[in-house]
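One predicted model, sequence on top.
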Amino acid sequence: MAPKLPPHHPVEQSTSAVAGGNAAAHPEPPRGILRWLLTTNHKEIGSLYLIFSLIMFFIGGIFALVVRAELFQPGMSLIRPEFFNQMTTMHGLIMVFAAVMPAFTGLANWMIPLQIGAPDMALPRLNNFSFWLLPVAFILLLSTLLMPGGGPNFGWTFYAPLSTTYAPPSTTFFILSLHIAGISSILGAINIVATILNMRAPGMRMMDMPLFVWTWLITAFLLIAVMPVLAGVITMMLMDINFGTHFFNAAGGGDPVLFQHLFWFFGHPEVYIMILPAFGIVSAIIPTFARKPLFGYASMVYATASIAILSFLVWAHHMFVVGLPLAAELFFMYTTML
């Protein structure tokens, strides 16, 4: 047992001074609701994402139940056609942007620092901000259902001119909501890239990382590349609705097909944003429970990167009925087969 030093001993004085200085530099952490509002802990933020995602899954699921109940028998039975369209649209938007993406982001927040040996994410306060943008965005989106004319009623792909010329007045709020959600995605992706590139444990090379980390690194690059395209196309919608431009209005010299090109240039990589983390999860779980290392690790990394690159080249396969030139249709058909 170490001998107790007298209070005037120089070592005892220095340790008490350090303790006092630390107490001043690190005030009592917030408790209760403030602790969750202000947290910068990657595990707590990951849990917040997962809880938010679960709540939104239930809300999106309720909207799907309304749609299914209406489709239960032929003819009109429960709800007005306009409300049916609002339910299909809100179901799609919520499942994509509020349920699936935050669920995987929550797992990324939880697992990436643990799997690369980092103490936390690279930018913890940005991490907090990224999360809290999401409830704001989706409370705003849900509030459109209570506005005059109802919520968005033009499908989750919000094709112009349905979403511009013929849309309800609440469409401007829908655009703001998607902008806020997009900012959240971009900031979260920047954080993930910064964490993986800068905070791996000493000696861990890129090709030593678990495959879940690789799939999220690639997903984060996809997010950074395509979310600004979505922001651009919804800003063009905003201008068409409120400021008299004609980007997508054929009567004013615009082109509705331009909307589809821009939307699917976002929308096709988006489907890989939603599936690549799942591939990473499968590639972590199966080797763990099979008690064998993953077969062909390097080829899996290259394959995942190839999927991401190809996802940028195939967007117009969503548009084969809009009258593309034959050469373009052939190009998109061959790249899709690749």
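Ah, there it is.

okay, now the nearest residue to M207 once chain neighbours are set aside: neighbour count?
Among residues not flanking M207 along the chain, A298 sits closest, at 6.5 Å (C-beta to C-beta, 6 or more residues apart in numbering). Quick note: C-beta positions are derived from backbone N, CA and C, even for glycine. Applying other C-beta atoms under 10 Å, we find 8 residues neighbouring A298.

got the buried residues for the helix or strand hosting W216?
W216 belongs to helix 211-242 when assigned by DSSP states H and E. Burial within helix 211-242, assessed by neighbour count using 16 or more other C-beta atoms under 10 Å, is assigned to 211-227, 229-231, 233-234, 236-238, 240-241.

Run through this protein and note the low-pLDDT ranges.
Applying pLDDT under 70 to the chain flags the ranges 1-25.

Go through it and flag its longest helix.
Criterion DSSP state H: the longest helix present in the chain is helix 256-290.

helices or strands up against the helix or strand following it?
Per DSSP H and E, helix 256-290 leads on to helix 297-310 as the next helix or strand towards the C-terminus. Helix 297-310 makes packing contacts with helix 211-242, helix 256-290 when contacts are defined by 3 or more C-beta pairs under 8 Å, 6 or more residues apart in numbering; DSSP states H and E.

how about a markdown table for the ones you listed, with distance to L38 added?
Shown next, in a markdown table, are the helices and strands packed on helix 297-310 (distance: least, C-beta to C-beta, whole Å):
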| stretch | distance to L38 |
| --- | --- |
| helix 211-242 | 25 |
| helix 256-290 | 27 |
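
Indicate which one of those is closest to T172.
T172 sits nearest to helix 211-242 of all those, at 6.4 Å, using C-beta to C-beta.

Against which helices or strands is the closest one packed?
Going by 3+ C-beta pairs under 8 Å, 6+ apart, helix 211-242 lies up against helix 101-116, helix 171-198, helix 256-290, helix 297-310.

Would you mind finding the most buried of the ones you listed?
helix 101-116 (a mean of 23; mean count of other C-beta atoms under 10 Å).

what's the next helix or strand after that one in contact with?
As assigned by DSSP H and E, the chain's next helix or strand after helix 101-116 is helix 124-143. The contact list for helix 124-143 (C-beta atoms under 8 Å, 6 or more residues apart in numbering) reads 37-42, 45, 48-49, 52, 56, 59, 90, 93-94, 97-98, 102, 109, 121, 151, 173-174, 176-178, 180-181, 183-184, 187-188, 190-191.

who's in contact with the residue nearest to the spatial centre of the chain?
Nearest to the geometric centre of the chain sits M101, at 4.0 Å (C-alpha atoms, centre = their mean). Neighbour list for M101: S185, I273, M274 [criterion: C-beta under 8 Å, 6+ apart].

so where does the closest residue in space to V96 that isn't next to it in sequence fall, helix or strand?
With C-beta to C-beta, 6+ apart as the criterion, V96 has its nearest non-adjacent residue at 6.5 Å, and that residue is W156. Here W156 sits in a region with no helix or strand, counting by DSSP H and E.

what about W156, neighbour count?
Residues near W156, counting by other C-beta under 10 Å, number 16.

And L313, by the same measure?
L313: 15 surrounding residues under other C-beta under 10 Å.

mind listing what it touches?
Counting by C-beta under 8 Å, 6+ apart, L313 touches T335.

Need the three-state assignment for it.
coil (DSSP: H, G, I helix; E, B strand; the rest coil).

How about I224, nearest residue that isn't a chain neighbour?
Take I224 and drop its neighbours on the chain: the residue closest to it by C-beta to C-beta, 6+ apart is A189, 5.0 Å away.

Spit out the contact partners of the one you found.
T219, A220, F221, L223, I224, M227.

can you check W156 too?
Counting by C-beta under 8 Å, 6+ apart, W156 has contacts T88, T89, H91, G92, L93, V96.

Secondary structure added to the residues you listed, as CSV?
Formatted as CSV, the contacts of W156 follow (three-state DSSP):
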residue, secondary structure
T88, helix
T89, helix
H91, helix
G92, helix
L93, helix
V96, helix
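
ok, back up a step: wait, which of the contacts of M101 is closest to T144?
Nearest member of the contacts of M101 to T144, counting by C-beta to C-beta, is S185, at 20.1 Å.

about what we covered before: for P29, which of the helices and strands packed on helix 297-310 is the nearest?
helix 211-242 (28.7 Å).
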